[in-house]
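> the sequence isn't on hand, but the structure is:
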């Protein structure tokens, strides 16, 4: 006797499951820290970046992205509860984790702004220059580096601020606010660096966590781009599942805990 053929409902469920698995395996990581170290900063710029309370993102530097580990974790995410359903129970990154792993503020002013009405005037106000011919609602990373990577030998105070703002926009656009474009950042973020004395008051960490939750939920819905801080999620996994991490290095208590792990590839793992 031949086995009965699977019902259409069974075949449909199997196909849907296969499609979800394929999407999970094809997730693209949007965070890109590989060029951060190539941007040479003047000590005066570093002092301004410290004022913004984002210096730790620069200090963490280049991160090896363990795609296999991230795919395994993302496959366990539930957007209803914003938690990962693991065999040990439900777990999720918290504000406490953000502070200790990235060392950016989790309490303070909300990171909000308005959409510019005139992007050209807006960019000139904050950077003193703009890229002719492109859609100005986003600024290309290549343009930011070409125009602002090299600080003039004797910069005015305005030039120093403009070059530092360009770097900060590039910094958040390739780390905590990395999105699907991968090669550009929303121009509107510039307003967050108009006054660096105010920038230090923002709850960057709370926004980072919100951005990350949103990205994970989109992937559950079928998106193939993983936006936000991959460094945060991966180092959080390392913190709570040390057997999955490479050997940690010794750091001081003031340093972000993301600095504990050296750049080292890993094989496929499941959790």
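Perfect, thanks for sending it. All of these numbers come straight from a predicted model, not from anything done at the bench.

> CA atoms for contacts and neighbours, from now on please.
Noted.

> now stretch 43-50: buried residues?
By neighbour count on 16 or more other C-alpha atoms under 10 Å, the buried set for stretch 43-50 is 45, 48, 49.

> ok, and the closest non-adjacent residue to the first one?
Spelled out, it's residue 45. The shortest distance from residue 45 to any non-neighbouring residue, by C-alpha to C-alpha, 6 or more residues apart in numbering, is to residue 164 (5.8 Å).

> in what helix or strand does that neighbour lie?
Secondary structure from DSSP states H and E places residue 164 in helix 157-174.

> what about the helices in the chain?
Here the chain has its helices, by DSSP state H, at 8-25, 43-51, 55-60, 67-74, 95-102, 119-127, 141-148, 157-174, 196-199, 204-220, 230-240.

> pLDDT of the fourth one, averaged?
By that I understand helix 67-74. Computed over helix 67-74, the mean pLDDT rounds to 87.

> tell me what angle it forms with helix 230-240.
80 degrees (axes from the mean of the first three to the mean of the last three C-alpha atoms, to 10 degrees).

> and helix 67-74, what does it pack against?
If you count contacts as 3 or more C-alpha pairs under 8 Å, 6 or more residues apart in numbering; DSSP states H and E, helix 67-74 packs onto helix 8-25, helix 230-240.

> thinking again about what came up before, quick one: the residue nearest to residue 45 and residue 48 touch, right?
Yes. Using C-alpha atoms under 8 Å, residue 164 makes contact with residue 48 at a distance of 7.3 Å.

> coming back round to it: out of the helices of the chain, flag the one nearest residue 86.
The closest approach between residue 86 and any of those, judged by C-alpha to C-alpha, belongs to helix 67-74 at 8.6 Å.
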